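Participant: My questions are about this predicted structure, shown below with the sequence.
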Amino acid sequence: MEKKYVSIKSGKYRNAKISGVFPLVKDVSFGKKGAFITVDASNQFAGLGNIRVLLNDVNNVEHVDAVVAEAQMGAKDEVAETKEQAVDRIRRRFDILQEMTRAVIKGSVRGLILSGPPGVGKSFGVETEMEKYDMFNKLKGKGPKTEIVKGAMTPIGLYQTLYNNSNKGDVIVFDDCDSVLFDEVCLNMLKAVLDSGKKRTISWKSESVALRREGIPDRFEFSGSAIFISNVSFESVKSKKIRDHLEALMSRCHYIDLEMDKVTDKFLRIEQIVGDGMLDEYEFGPKGNQEIIDFMLEKSARLREISLRMVLKVADLRKMSPKTWKELAESTCMKRV
């Protein structure tokens, strides 16, 4: 979910005057003392988190575009990151992702967890390396298996998938299977899979007709490698019970957080990928490509999502209708005002 921001012209917190741009936690509400709004003040005031700001007038608050808000908040930092530094930081994170994916494929790293916001190209980098691995194995004749699993998964479905990809050299990628992160049975299996120990034994304790029918034992040794791609930031999960499990997962394998929660970072990533040739097949040219990015930047507060997928959607519309693509994009790619 994209962060929302508000600009408070005048308000009070514990009888102290407060103003500025803040991430919105909860919009204007009314209590015994009158109107108030809940914001995240941790960036502006050390030691504070979510606070309720009392408002004499609800007109003293206005919603602010995320790009503008983050620019204003970032301008207050003592050491501001330049655009070039931010681009280098983002590119380096994705370079590390590809390097670690190759290490998983080679078997020098057994498990990798990757988290980051949707639509920034997490899966693309991993899938590209997996395709190279598959092609290499096909040229050799017969080799280890790879499988990319997407979507929801039950505990028994996870057990079967692990068994089918349990041989040495097998690589399994769980992409957007976040439902397993909130199931204790699944989490315990993943802890065994991602463990750094020499022997990783997976077991199914309950009676299962489905497993017997498929000839799957209730206990097996997992010798493959696994990559888990998630939109969930493991370090931000609020449930202590689930967070303890996730911390156990992170302690057992390598964990990469792409650290791209800011809207500005997402647009820098979009510029980077477009510059690398993402839209070449549309033949818009550099000027046409930049026009799409500028349009998305201008409408960022209303876009349903800020992602590489959205770039392709807008590009499709521009290709389809060069004269009315902006109007079409406002109707199909944006939230209602």
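Facilitator: Received, thanks.

Participant: buried stuff in the helix or strand where I242 lies?
Facilitator: Per DSSP states H and E: I242 is located in helix 240-252. For helix 240-252, burial by neighbour count (16 or more other CB atoms under 10 Å) applies to I242, H245, L246, L249, M250, R252. All C-beta spots, glycine's among them, are computed from the backbone N, C-alpha and C.

Participant: Rebuild the residues you listed as CSV, extending it with distance to L194.
Facilitator: Output for the buried residues of helix 240-252, formatted as CSV (distance: CB to CB, whole Å):
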residue, distance to L194
I242, 16
H245, 12
L246, 11
L249, 6
M250, 9
R252, 5
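
Participant: So which of those residues is the closest to I227?
Facilitator: L249 (12.6 Å; CB to CB).

Participant: For that closest one, give me its contacts.
Facilitator: Residues in contact with L249 (CB atoms under 8 Å, 6 or more residues apart in numbering) are I113, L187, L190, K191, L194, F228, F234, Y255.

Participant: what about the first one, how many neighbours?
Facilitator: Burial of I113 is recorded as 23 neighbouring residues (other CB atoms under 10 Å).

Participant: same for the one helix or strand it maps to, what does it pack against?
Facilitator: Per DSSP H and E: I113 is located in strand 111-115. Under the contact criterion of 3 or more CB pairs under 8 Å, 6 or more residues apart in numbering; DSSP states H and E, strand 111-115 touches helix 83-106, strand 225-230, helix 240-252, strand 254-257.

Participant: Give me the mean pLDDT for the third one.
Facilitator: Confidence over helix 240-252 (mean pLDDT, whole number) is 86.

Participant: C-alpha coordinates for it, PDB please?
Facilitator: This file holds the C-alpha atoms of helix 240-252, laid out as PDB (Å, rounded to 0.1, in the frame of the first residue of the first chain):
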ATOM      1  CA  LYS A 240       5.000 -10.700  17.500                       C
ATOM      2  CA  LYS A 241       4.100 -14.400  17.100                       C
ATOM      3  CA  ILE A 242       4.700 -14.200  13.300                       C
ATOM      4  CA  ARG A 243       7.600 -11.800  13.600                       C
ATOM      5  CA  ASP A 244       9.400 -14.300  15.800                       C
ATOM      6  CA  HIS A 245       9.000 -16.900  13.000                       C
ATOM      7  CA  LEU A 246      10.200 -14.500  10.400                       C
ATOM      8  CA  GLU A 247      13.300 -13.500  12.500                       C
ATOM      9  CA  ALA A 248      14.100 -17.300  12.700                       C
ATOM     10  CA  LEU A 249      13.900 -17.500   8.900                       C
ATOM     11  CA  MET A 250      16.200 -14.500   8.500                       C
ATOM     12  CA  SER A 251      18.700 -16.000  10.900                       C
ATOM     13  CA  ARG A 252      18.800 -19.200   8.900                       C
END
